[in-house]
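Engineer: Show me how the following folds:
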Amino acid sequence: MRKILLALLAGLLPALSSAREQRFVFALPEVEGRISLGVFDSEGKLVRTLCVGAPETDFFVGLNGLITTWDGRDDYGEPLTAGKYQVHGYLVGDALKAEGVAYHFNDWIDDEKSPRITRIEDFRRQPGGFVALAEVLDGNRPLVFRFDQLRGFLWTNSLNAAVAATRFPAREPLLPGQGSDAGFPLAEFAGAASLSSPVARRMLATTDHYAAVLFAGSMHLLRMDDGTTIKTQPENIAHAACMEASDDTLFVGASESMARITLPALDPVSDEKTPVAFNALAVNGERKLGASSSGNEVWESTDAQWKKLPLVAAVSSLSFGLEGTFWVTATDAENGKPFTGQFDKEGEFLRAYRDEFSPVKVCASTEIEEIAVLETSGPAQRLRVLSLVKDNPDAPGDWAIAFEKTIQDCRRFGIVDGRLAADAGATVQVDQVNIALATGGLTPSSHSLAVRVAFDHAGLWLETRSGLRLAFLASQPNVRRVALLLGPGKEFLTVYAGDDAVVAEYGVRGLGDIVEIDAGEVELP
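Structural biologist: The predicted model follows:
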C-alpha cells in the first residue's frame with residue numbers, strides 16, 4: 001500500500017533551476033483519484049494554487065513519489081516575500097461524484113438547455129400547446145416561444161437577438177412568477193417595454209400562421225412553424241393597451257380607437273372609433289369584444305356596431321369559447337373577488353372557475369369546453385389548462401387539470417427547518433460543512449475538513465474554507481446563490497444552486513474518499 005510521506009525534503013532532488021524555485025516530492029495512498037495542491041503562508045492563507053483535480057500523470061515520477069514545483073510566486077504572478085510556507089492539499093478519490101437530482105420552483109425548466117424563463121407576460125393557445133411572451137433572466141431580452149404539451153419547447157426567439165430562432169428538438173413530456181394578486185396593475189402584468197417607448201406594454205397576438213409582438217415601439221412578426229422573424233418595423237401607436245389577431249388582420253386598441261393592420265405586410269388599414277378605451281380585446285371573425293377595467297364595462301361589436309353587455313366587472317382579459325360563449329378573467333365589482341367566468345352571447349353568467357390563485361388571462365377553446373388560465377398568487381405564477389368534465393349533459397361538471405406549470409420567486413431560497421424553501425427569509429444559511437477525512441497512512445485520520453461550494457462562470461466547485469478547489473461538481477452558469485445540506489453520515493452532501501430563475505439540486509457522494517497530502521514546509525529565500 002502506498003503511503004503519504006510527510007515533509008519529504010527537496011534536497012533529495014537535483015539542483016534547482018532557480019534560486020527561488022522549490023520542488024516537492026509526495027507519495028500517494030492506495031487510492032485512485034485526482035490531486036489538488038496549494039501553497040499556504042504562515043497564517044494559513046492560500047497564496048498559490050499549484051493544481052486542481054490533476055491526475056497522477058500530470059506529475060513527474062521520482063524514486064520516492066511524485067514531483068511538483070513552485071516558482072515562489074502567488075496566483076497573480078507576483079513574487080512572494082521571504083519566509084516559511086506550507087505545501088499541502090488533498091487527493092479526491094474517484095468515488096466522489098456529483099449528480100443532478102431535480103429542478104425546483106420553476107416547472108418550465110428541466111435541463112441546462114431550457115430557457116431561463118422567470119415570468120410569462122402574455123400567451124395564446126395553439127393546437128397542442130401555447131405561444132408565449134416571457135421574461136428571462138436578462139429582463140431586457142423578452143423571449144417568444146412555442147411550447148407543445150407533449151414535446152416541450154418547439155422554438156424560441158429572443159427579440160433582442162438575431163432574427164433566427166433557436167430550435168429545440170422534439171422530446172418527451174417534461175417532468176414534474178412573480179405577479180400581483182387580484183386587481184393586478186396592467187403594466188405589471190405585461191411588463192415595461194422601454195422608458196423611451198410610447199408602448200407601455202409588451203403584447204402578443206397569434207393566428208394559425210403568425211405571432212405578432214408589440215415591444216419597445218416596434219412590431220415583430222414571427223413565423224408560427226419555426227419562430228423565425230419575418231419582419232420588424234416601428235409602430236407609433238401611443239398608449240396601446242391591448243392587441244388581438246384574426247385571420248389576416250391584427251387589431252390594436254389604443255385610447256378610444258382600434259387600429260387594423262394587415263398580416264403579414266404589417267400595413268395599417270383603418271382606425272376604428274370605440275365607445276371607450278379598451279384594455280382587453282377578443283376577436284372571432286366579425287364578432288369582437290372589448291373591455292374597460294376602469295369602467296367595469298364589456299362591449300360587443302358586429303359590423304362596427306358596439307353595444308354594452310350587462311356584465312359589470314373589472315375585466316383583464318377576454319376570450320371566445322364554445323358555441324358563441326365568451327370567457328373573462330375579472331374582479332367582481334360587488335365583492336372585489338377575482339374569478340374566471342363564462343358568459344353566453346348576451347352577457348349572462350353561465351359558470352365560473354375559482355382557485356386560491358388569482359386569474360390574469362384566459363384563453364378558451366371554441367371547439368370544446370377547455371380553458372387555459374394564467375394566474376398569480378403573491379410572487380408565484382401558474383399556467384393551467386382545465387377541461388370541463390360532466391357525468392351527464394345536465395350536470396354542472398367539474399374542472400380537470402390537463403396541464404400545469406408553476407413559477408415561484410426563488411431568489412431568496414434556502415434551507416428552513418431542514419427543508420428547501422423558495423423564500424428562506426432571515427434564516428441563517430450554512431455556507432460550509434465539516435467532513436471526515438479518509439485514512440491516508442498507517443494511522444487513521446482523526447480530524448475533519450471544512451468545505452464549501454463555490455461558483456463561477458464555469459459552474460460549481462467543491463473547495464476548502466481556505467479556497468483550495470478540490471473538485472468540479474457541475475456545469476451550471478449564472479449561479480447567484482447556493483445552500484448546503486449535509487447527510488447524517490457526512491459522506492453525502494445535497495447542494496442547491498440557484499440562478500434567480502430555478503434552483504438545481506445536486507447530490508455529492510463519496511465525501512469520505514478525500515485524503516490529506518502534506519508535502520511539508522519550505523523557507524523561501
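
Engineer: What is the neighbour count of residue 245?
Structural biologist: 22 (other CB atoms under 10 Å). Just so you know, the C-beta spots here come from the backbone N, C-alpha and C atoms, and that holds for glycine as well.

Engineer: so what's it bridging to?
Structural biologist: Assessed by DSSP bridges, residue 245 has beta-bridge partners residue 250.

Engineer: so it makes contact with residue 208?
Structural biologist: No: at 9.9 Å, residue 245 and residue 208 do not qualify as touching, with contact defined as CB atoms under 8 Å.

Engineer: residues contacting residue 348?
Structural biologist: Contact analysis of residue 348 by CB atoms under 8 Å, 6 or more residues apart in numbering lists residue 310.

Engineer: quick one, phi/psi of it?
Structural biologist: Dihedral pair for residue 348: phi -90, psi 140, per degrees, to the nearest 10.

Engineer: ok, so what distance separates it from residue 335?
Structural biologist: To residue 335, residue 348 is 19 Å away according to CB to CB, to the nearest Å.

Engineer: Quick check: phi and psi at the nearest residue to residue 459 once chain neighbours are set aside.
Structural biologist: Among residues not flanking residue 459 along the chain, residue 475 sits closest, at 4.2 Å (CB to CB, 6 or more residues apart in numbering). Backbone dihedrals for residue 475, given as degrees, to the nearest 10, come out at phi -90, psi 100.

Engineer: which residues does residue 475 contact?
Structural biologist: For residue 475, the contact set (CB under 8 Å, 6+ apart) comprises 112, 458, 459.

Engineer: If we use 10 Å, what do you get?
Structural biologist: Shown in contact with residue 475 (CB atoms under 10 Å, 6 or more residues apart in numbering): 100, 112, 458, 459, 460.

Engineer: Would you format these as TSV with distance to residue 60 included?
Structural biologist: As requested, the contacts of residue 475 are exported to TSV (distance: CB to CB, whole Å):
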residue	distance to residue 60
100	37
112	38
458	28
459	30
460	31
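
Engineer: Give me the buried subset of those residues.
Structural biologist: 459, 460 (16 or more other CB atoms under 10 Å).

Engineer: now, which of the contacts of residue 475 sits nearest residue 372?
Structural biologist: Distance to residue 372 across the contacts of residue 475 (CB to CB) is lowest for residue 112, with 27.6 Å.

Engineer: Which residue ranges of the protein form helices?
Structural biologist: Assigned by DSSP state H, the chain shows helices spanning 186-190.

Engineer: Low-confidence ranges, it, go.
Structural biologist: For the chain, the stretches flagged by pLDDT under 70 are 1-20, 139, 160-200, 238, 440-446.

Engineer: what's the domain layout of the chain?
Structural biologist: The chain breaks down by automatic domain parsing into domains covering 10-93+517-524, 97-103+411-513, 177-407.

Engineer: sorry, back to before: joint contacts of residue 245 and residue 208?
Structural biologist: Counting by CB under 10 Å, 6+ apart, nothing touches both residue 245 and residue 208.

Engineer: neighbours around residue 363, how many?
Structural biologist: Considering only other CB under 10 Å, residue 363 is surrounded by 26 other residues.

Engineer: Am I right that it is in contact with residue 328?
Structural biologist: No: counting by CB atoms under 10 Å, residue 363 does not reach residue 328; the two are 11.6 Å apart.

Engineer: shared neighbours of these two, anything?
Structural biologist: Common contacts of residue 363 and residue 328 (CB under 10 Å, 6+ apart): 282, 317, 318, 319.

Engineer: The first one - nearest residue in space that isn't next to it in sequence?
Structural biologist: It refers to residue 282. residue 318 (3.8 Å).

Engineer: so that neighbour bridges to which residues?
Structural biologist: Going by DSSP bridges, residue 318 forms beta bridges with residue 328.

Engineer: can you pull the contacts of it?
Structural biologist: Per CB under 10 Å, 6+ apart, neighbours of residue 318: 242, 244, 278-283, 288-291, 298, 326-330, 343, 361-364.

Engineer: swap the cut-off to 7 Å and go again
Structural biologist: 280, 281, 282, 289, 291, 326, 328 (CB atoms under 7 Å, 6 or more residues apart in numbering).

Engineer: could I get those residues as JSON lines with distance to residue 234?
Structural biologist: Converted to JSON lines, the contacts of residue 318 look like this (distance: CB to CB, whole Å):
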{"residue": "280", "distance to residue 234": "25"}
{"residue": "281", "distance to residue 234": "22"}
{"residue": "282", "distance to residue 234": "27"}
{"residue": "289", "distance to residue 234": "29"}
{"residue": "291", "distance to residue 234": "28"}
{"residue": "326", "distance to residue 234": "33"}
{"residue": "328", "distance to residue 234": "32"}
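
Engineer: Nearest to residue 257, out of those: which one, please.
Structural biologist: Nearest to residue 257 among the contacts of residue 318: residue 281, at 12.1 Å, using CB to CB.

Engineer: Count the neighbours of that closest one for me.
Structural biologist: 23.

Engineer: right, and it touches residue 241 too?
Structural biologist: No: between residue 281 and residue 241 there is no contact under CB atoms under 7 Å: 9.0 Å.

Engineer: If the closest residue in space to residue 49 that isn't next to it in sequence is in a bridge, with which residues?
Structural biologist: Of all residues not flanking residue 49 in the chain, residue 38 sits nearest, at 5.1 Å (CB to CB, 6+ apart). Note on residue 38: beta-bridge partners by DSSP bridges are residue 49, residue 88.

Engineer: and the gap between the residue nearest to residue 282 and residue 265?
Structural biologist: According to CB to CB, residue 318 stands 26 Å off from residue 265.

Engineer: before we move on, the earlier item: by neighbours, which of the contacts of residue 318 wins?
Structural biologist: residue 291 (29 neighbours).

Engineer: Verify the stated contact: that one with residue 279.
Structural biologist: Yes: contact criterion CB under 7 Å: residue 291 and residue 279 qualify, at 6.4 Å.

Engineer: Number of residues surrounding residue 306?
Structural biologist: Residues lying near residue 306 (other CB under 10 Å) number 15.

Engineer: and if you look at residue 513?
Structural biologist: Neighbour count of residue 513, defined by other CB under 10 Å: 19.

Engineer: In contact with the closest residue in space to it that isn't next to it in sequence, which residues are there?
Structural biologist: Counting by CB to CB, 6+ apart, residue 93 is the residue found nearest to residue 513 once chain neighbours are left out, at 3.2 Å. With contact taken as CB under 7 Å, 6+ apart, residue 93 is in contact with 31, 32, 33, 510, 513, 514.

Engineer: tell me the contacts of the fifth one?
Structural biologist: Which is residue 513. So residue 513 contacts 93, 95, 96, 438 (CB under 7 Å, 6+ apart).

Engineer: Also residue 398?
Structural biologist: residue 389.

Engineer: Tell me what it is bridged to.
Structural biologist: On the basis of DSSP bridges, residue 398 takes part in beta bridges with residue 389.

Engineer: Next one: it from residue 48, what distance?
Structural biologist: With distances taken as CB to CB, residue 398 is found 68 Å from residue 48.

Engineer: I'd guessed residue 25 sits against residue 64; true?
Structural biologist: Yes: under the criterion of CB under 7 Å, residue 25 makes contact with residue 64 at 5.2 Å.

Engineer: more crowded one of those two?
Structural biologist: residue 25 (21 against 14).

Engineer: Please, where are all the strands along the stretch 101-250 of the chain?
Structural biologist: 117-126, 129-136, 143-148, 152-158, 166-167, 203-206, 210-215, 218-223, 229-234, 240-246, 249-254 (DSSP state E, counting those that start in this stretch).

Engineer: What residues are bridge-paired with residue 436?
Structural biologist: Residues in beta-bridge contact with residue 436 (DSSP bridges): residue 448.

Engineer: Please name the residues that touch it.
Structural biologist: 448, 490, 512 are the contacts of residue 436 under CB under 7 Å, 6+ apart.
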